[in-house]
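Visitor: quick one: sequence plus predicted model below, questions after.
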Amino acid sequence: MGSIKVQKLSKSFGVHTVFQDVSFEIRRGERIGLIGANGAGKSTLLKCLMGQEEYDSGVFVVSEGESVGYLQQDIAFEDDVTLRQTITEAWQDVLRLEEQLKDAEKDMQAHPDDESVMNKYARLQERFEWLGGYEYESMSRKIVHGLGFGEADLDRPVQQFSGGQKTRINLAKALVRRPDYLFLDEPTNHLDMDMLEWLEGYLLSYGGGILIVSHDRYFLDKVATGILELEHGKVTKYKGNYSRYIVQRTEQRKALERAYQKQQDHIRQTEEYIRKYKAGIKAKQARGRQSQLNRLERIELAPEAETLHFHFAPAEECGQKVLVLDDICGGFGDRQLFDHLSLLLRRGESASLIGPNGTGKTTLLRMIMGEIEADKGHITLGSRVHIGYFAQEHTDLHGAWTVLEEIMNDFSYGEDEARSVLGRFLFQGDDVFKVVDSLSGGEQARLALLKLFLQGANFLILDEPTNHLDIPTREVLEQALQEFGGTYLVVSHDRYFLDKITQRTLVLEDKKIKEFLGNYTYYREKVREAEERAAQELAEREAETAAAKPKPAAAAAKAEPPAKKGPARKEPSYGTALKLEKIEMKIAELEATLKMYEVQMNLPDVQTDADKMMELTRLYDETQAQLDAAYETWEQLSE
């Protein structure tokens, strides 16, 4: 089985060590999640492996002939380059081979008896087939359509697409060649939930090895077979998905802390013994213990990674009805997004607003904030409701101000008070003098969170609050929201986050809102149950239709001999006719059951669950065998 190996890789920028002596191996079929706090060096490690950054020491080994695909976080596209051209770029070597094959065909026609020409053509054809040359167009279309693009999109310039669509185009470029190994840097950024589920299903069926940098815990739970944690410049490998990693890491940390404490107790006792007896009658024993202490392999207990700490202030009382949407119609520009939309949000409720990209979730939030007017209907806030708004694009930040000015100017704080609250959000030392526009996405998100925290609101409206946040910061935000006594409405694609903090799910789709009284997992379970019911009802209707027929058409066609002269065929006996009727009913039932299994096997939830798919495949094969046997019995009785 092939693999890629990283051995003792190290990288520094000046005096700052990013990582040191990093070693791991990824085999075909493994899907490894690479996690760590923002700034830990995850993207730098991928760039070193892909040759975009030089590493200081170590070795990266890829088996000969094996390929690596790479999805970067941000890629600049040239003007006027279309989606079709962008995807075609990934097949340049195949297209060159195709031209060489055409030239070789001409040579064969010109020199039909030249064995060397025939051998060259055979080698080119074998290479072309191995690279997927005969299916590159269908493979490209499958990936592009799976990521939500239609035929009309293929000839659109890439620059006309949204940020989320550009992420999907980058993803298509990485996936289309089906390389032996995939390196994916934040592949779930800007993807809506339908696209996330498609990507999960695709990666689960992928035969190569995958290394994924991601903060999406739900995604890592679904996809990952192992976790690499990059912390303090070192890598630790864990087996299993993200949830399993949490359990293992907690157990290892507790065991290490116990061992560390036990060793520290031993060191203290030994040092006390040495101090007490080093000049007395037991000096020799004291020197011996000092020698043992010098040789002792000290257990190192790395400090827990620094993260921010905050709790929202107790929410002020407000009216029972916090938000009322009454018959809202409207949208963005000339595009209508909502049609007679109504909603009531009560005090203390925690709700998520989800739906495919482009359905108008952010537009609806801006309407609630009063930034956009609805074409029709009314939006009413309850009495004493004070809104705190977290904008997806951080539009409330002032790009030209420093971090310190952002807090001092907006909240009339003195420098000492501003530095104090900034320190709690990890802006320390000279960090407070950075210009806001120069901050990373994660730093801007932390600053926007700090401003939300300082507003003292009792109704929070959060538009993608976890974008650019690392996992430790997401967990702090989850804890703060769980302890928040007010009301909040959250737009997010972070399913793990939504499961933790919401008890009501609002799905914006087809210009309407559908409501589910539970978190994201509850909503998905209800959708799955509805799909299964629909599949069952379809199978039952088809079974009824098939049962109403006198005999299966396929069986009749199979059993009826060709017309020929001779005595007329005998009518079956009464007993045989009864048996025929029963076996025809059985065939109809089995055909309907097969149809039901086919429908279920095409459900997204089933396709991403290997155990369910294996069980359905087993049941399908058993039913097919029963159907074949029933056809044989029918043919025997017909004869």
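Guide: That came through, no problem.
Visitor: secondary structure class for the nearest residue to I471 once chain neighbours are set aside?
Guide: Of all residues not flanking I471 in the chain, H215 sits nearest, at 5.3 Å (CB to CB, 6 or more residues apart in numbering). C-beta coordinates here come from the backbone N, C-alpha and C atoms, glycine included. Three-state call for H215 (DSSP: H, G, I helix; E, B strand; the rest coil): coil.
Visitor: would you confirm that L45 contacts L34?
Guide: Yes: at 7.2 Å, L45 and L34 qualify as touching, with contact defined as CB atoms under 8 Å.
Visitor: what sits in contact with each of these two?
Guide: L230 (CB atoms under 8 Å, 6 or more residues apart in numbering).
Visitor: ok, back up a step: what count of nearby residues applies to the residue nearest to I471?
Guide: 27 (other CB atoms under 10 Å).
Visitor: got the phi and psi for it?
Guide: Dihedral pair for H215: phi -100, psi 0, per degrees, to the nearest 10.
Visitor: the residue nearest the centre of the chain: which element?
Guide: Nearest residue to the geometric centre of the chain (CA atoms, centre = their mean): F219, 3.8 Å. Following DSSP states H and E, one finds F219 within helix 217-223.
Visitor: circling back to that earlier point, give me every residue that touches the residue nearest to I471.
Guide: So H215 contacts 35, 186, 466, 469-471, 474 (CB under 8 Å, 6+ apart).
Visitor: in a markdown table: the residues you listed, plus pLDDT and distance to V62.
Guide: Listed next are those as a markdown table, based on pLDDT from 0 to 100; distance: CB to CB, whole Å:
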| residue | pLDDT | distance to V62 |
| --- | --- | --- |
| I35 | 95 | 23 |
| E186 | 89 | 23 |
| T466 | 92 | 34 |
| L469 | 90 | 33 |
| D470 | 90 | 29 |
| I471 | 92 | 29 |
| R474 | 93 | 33 |
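Visitor: in helices, which of these appear?
Guide: 471, 474 (DSSP state H).
Visitor: okay if I get the contacts of H215 as a markdown table plus neighbour count?
Guide: A markdown table is the format used below for the contacts of H215 (neighbours: other CB atoms under 10 Å):
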| residue | neighbour count |
| --- | --- |
| I35 | 23 |
| E186 | 19 |
| T466 | 22 |
| L469 | 22 |
| D470 | 21 |
| I471 | 21 |
| R474 | 19 |
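Visitor: and which of the contacts of H215 is nearest Q252?
Guide: I35 (15.2 Å; CB to CB).
Visitor: my guess is that closest one contacts I227. True?
Guide: Yes: contact criterion CB under 8 Å: I35 and I227 qualify, at 6.2 Å.
Visitor: what residues are shared contacts of those two?
Guide: Joint contacts of I35 and I227 (CB under 8 Å, 6+ apart) are 220, 242, 245.
Visitor: looking at the residues you listed, which one is closest to L538?
Guide: Closest to L538, out of all of the shared contacts of I35 and I227 and judged by CB to CB, is L220, at 34.9 Å.
Visitor: that closest one contacts I227, correct?
Guide: Yes: between L220 and I227 a contact is recorded at 7.2 Å, counting by CB under 8 Å.
Visitor: how about the secondary structure of R177?
Guide: R177 - assigned by three-state DSSP - is coil.
Visitor: chain center to stretch 81-95, what's the gap?
Guide: From the chain centre to the centre of stretch 81-95 is a distance of 25 Å (CA atoms, centre = their mean, to the nearest Å).
Visitor: mind checking the end-to-end distance for it?
Guide: 18 Å (CA to CA, to the nearest Å).
Visitor: give me the mean pLDDT for that stretch.
Guide: Average pLDDT, stretch 81-95: 85.
Visitor: what of stretch 262-281?
Guide: 88.
Visitor: contacts for that stretch?
Guide: Residues contacting stretch 262-281 (CB under 8 Å, 6+ apart): 283, 285-287, 289-290, 292-293, 296, 298-299.
Visitor: are we agreed that V22 is in a strand?
Guide: Yes: counting by three-state DSSP, V22 falls inside a strand.
Visitor: list the contacts of it.
Guide: Contacts of V22 (CB under 8 Å, 6+ apart): 6, 8-10, 45, 58, 230, 234-235.
Visitor: most neighbours, which of those residues?
Guide: Top of the contacts of V22 by neighbour count (other CB under 10 Å): L45, with 27 neighbours.
Visitor: look up phi and psi at it.
Guide: The phi/psi pair for L45 (degrees, to the nearest 10) is phi -60, psi -40.
Visitor: if I look at V606, what pLDDT would I see?
Guide: pLDDT, read off for V606, is 59.
Visitor: again with the one 3 residues further on
Guide: The confidence metric pLDDT takes the value 59 at D609.
Visitor: cool, and R123?
Guide: The predicted local confidence for R123 is 86.
Visitor: how deep is it tucked in, by neighbour count?
Guide: Based on other CB under 10 Å, the number of other residues close to R123 is 11.
Visitor: in three-state terms, label it for me.
Guide: Assignment for R123 (three-state DSSP): helix.
Visitor: tell me which element K276 is part of?
Guide: Counting by DSSP H and E, K276 is part of helix 242-277.
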